[in-house]
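Chemist: Task: produce atomic coordinates for the following.
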Amino acid sequence: MPKPVFLTGVERTFPDDDIIVSKTDLKGRITYANQVFLQIADYTEQEVLGQPHSIIRHPAMPRCVFKLLWATIEAGQEIFAYVINRAKNGDHYWVYAHVTPSFDNAGRIIGYHSNRRVPDHKIVDDHIVPLYQALREEEARHQSRKDGMMAAEQMIFDVLARQGVAYDEFIATVGQERRRGYR
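Modeler: Model prediction:
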């Protein structure tokens, strides 16, 4: 059973022109975090280096979205995603993340790089929060965490199929006036 996570319910924000940057190794352990990351997450560099990036994972984030993210970057592709993170004190903050693999000179993936910006809060509130809530509810409906994650991932694929778009197009166009069907 996962250890309980303290949440304050307080949302942190950061300036629109700031970019949160972090890098990880192949296992997702933090190898670099810029000052914006450290400030918004309320950690010191010493506290995060070598730690799993999940140190900032918020429990409201559906596991299936991270499964999709990891599958994409491990396949050598970039991905964009809306993510809710948790600061050390339990506050939360939303980001629009762009995650890419980092390659060596021979073309092998040697780590991952993420730039995160302030998201459009109307998109987050109107589209992402309801979608993520539906995904988390589906994950929780199943006795097995793995089965729940797989069922919620299938929900994502069903939404994409109904709309006739790939995930990257869905994320790029979320909030545009077209019918969404999250259930």
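Chemist: List the buried residues of the longest helix seen in the chain.
Modeler: In the chain, taking DSSP state H as the definition, the longest helix is helix 145-163. Of all the residues in helix 145-163, those buried under the rule 16 or more other Cβ atoms under 10 Å are 148-153, 155-156, 159. Glycine gets a C-beta too; all of them are placed from N, C-alpha and C.
Chemist: Check which element follows it along the chain.
Modeler: Next helix or strand after helix 145-163 toward the C-terminus (DSSP states H and E): helix 167-173.
Chemist: Going by contacts, tell me the helices and strands next to that next one.
Modeler: Using 3 or more Cβ pairs under 8 Å, 6 or more residues apart in numbering; DSSP states H and E, the elements in contact with helix 167-173 are strand 79-86, helix 145-163.
Chemist: Check which helices and strands the longest helix of the chain sits against.
Modeler: Helix 145-163 sits against helix 63-74, helix 129-140, helix 167-173, with contacts defined as 3+ Cβ pairs under 8 Å, 6+ apart.
Chemist: Mind listing residues that contact the shortest one?
Modeler: Residues external to helix 167-173 that are found in contact with it (Cβ atoms under 8 Å, 6 or more residues apart in numbering): 68, 72, 79-82, 156, 159-160, 163, 165.
Chemist: my read: His98 touches Arg116, true?
Modeler: Yes: using Cβ atoms under 8 Å, His98 is in contact with Arg116, at 7.4 Å.
Chemist: So between these two, which is more surrounded?
Modeler: Counting neighbours by other Cβ atoms under 10 Å for His98 and for Arg116 shows that Arg116 has the greater number, 24 against 15.
Chemist: Break this protein into its domains for me.
Modeler: 20-119, 122-173 (automatic domain parsing).
Chemist: Lowest-confidence one in the contacts of helix 167-173?
Modeler: Within the set of those, pLDDT is lowest for Gln163 (89).
Chemist: And the helix or strand of the chain with the lowest mean pLDDT, how far out from the chain middle?
Modeler: Each helix and strand of the chain was given a mean pLDDT (mean pLDDT, DSSP states H and E); the minimum falls on helix 167-173 at a mean of 92. Chain-centre distance of helix 167-173: 14 Å, with Cα atoms, centre = their mean, to the nearest Å.
Chemist: from here on, count from 26
Modeler: From this message on, residue numbering opens at 26, which makes the last subject helix 192-198.
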